[in-house]
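Chemist: Let's see this in three dimensions:
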Amino acid sequence: MKKIVLLIAVAILFSACVEESAMKNYEEGRAALNNKNPDLAIEKFNKAISLDSNFAEAYERLAYAYLNKSEYDKARAAAEQALKIYPNSYKSLVVIGNSYFFEKNYEKALEYYDKAYKIDPYSEVTNSALALYYDGIGDCKNALPFATEALNQLPILADIHEIEQKCSAENKA
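Modeler: Okay, here's the model as predicted:
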């Protein structure tokens with residue numbers, strides 16, 4: 001009986017160490033991504049994933065890192081992995097949409113942005129993506145409400161302020 005209790009305790013401690021190490025690598029990856037070092041971010045997120053294969057946020061951030069390197073297929077693959085673990089990851093859907101947008105596949109981009117919007121219509125991430133999408137295709141009428149909602153959630157978005165000002169002026173004319 002003591003052996004079983006001891007084995008359970010060791011297993012719990014090992015599991016906690018793995019989770020802590022996965023989180024440490026994840027945080028280091030986020031820092032690298034914030035410091036515009038996508039290669040280091042990719043390394044750290046992959047390490048976090050190797051320690052915890054169900055770490056949806058690590059897959060999601062890995063997708064952003066690949067997106068920053070214009071590696072769109074890899075970005076989509078990482079985002080799809082996050083969606084397998086957490087199907088309501090609107091940020092992963094936005095990453096997939098962004099990858100298609102950058103490839104000028106606007107129809108596919110909008111498909112994924114719409115999916116993200118259905119999950120969280122109040123997210124600054126989703127609304128920013130839709131504002132940038134509509135602005136990018138020259139549709140200020142549709143860009144404006146998304147820009148306004150994104151700024152309601154996070155008023156410091158400089159790109160979105162520009163869209164809101166431009167589209168407000170255009171709609172008044």
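Chemist: where does this structure have low pLDDT?
Modeler: The chain contains residues with pLDDT under 70 at 1-19, 173.
Chemist: And the helices in it, which stretches?
Modeler: Along the chain, the segments classed as helices by DSSP state H run 2-34, 38-51, 56-68, 72-85, 90-102, 106-119, 124-136, 140-153, 158-172.
Chemist: In a markdown table, list the ones you listed along with mean neighbour count.
Modeler: In this view, the C-beta of every residue, glycine as well, is placed from N, C-alpha and C. Formatted as a markdown table, the helices of the chain follow (neighbours: other CB atoms under 10 Å):
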| stretch | mean neighbour count |
| --- | --- |
| helix 2-34 | 13 |
| helix 38-51 | 20 |
| helix 56-68 | 24 |
| helix 72-85 | 19 |
| helix 90-102 | 25 |
| helix 106-119 | 18 |
| helix 124-136 | 23 |
| helix 140-153 | 19 |
| helix 158-172 | 15 |
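Chemist: Count the neighbours of residue 104 for me.
Modeler: 9 (other CB atoms under 10 Å).
Chemist: Need phi/psi at it.
Modeler: Main-chain dihedrals, residue 104, degrees, to the nearest 10: phi 70, psi 30.
Chemist: Spit out the contact partners of it.
Modeler: Applying CB atoms under 8 Å, 6 or more residues apart in numbering to residue 104 gives no contacts.
Chemist: cool, and residue 83?
Modeler: Contacts of residue 83 (CB under 8 Å, 6+ apart): 89, 92, 93.
Chemist: No further queries at this time; thank you.
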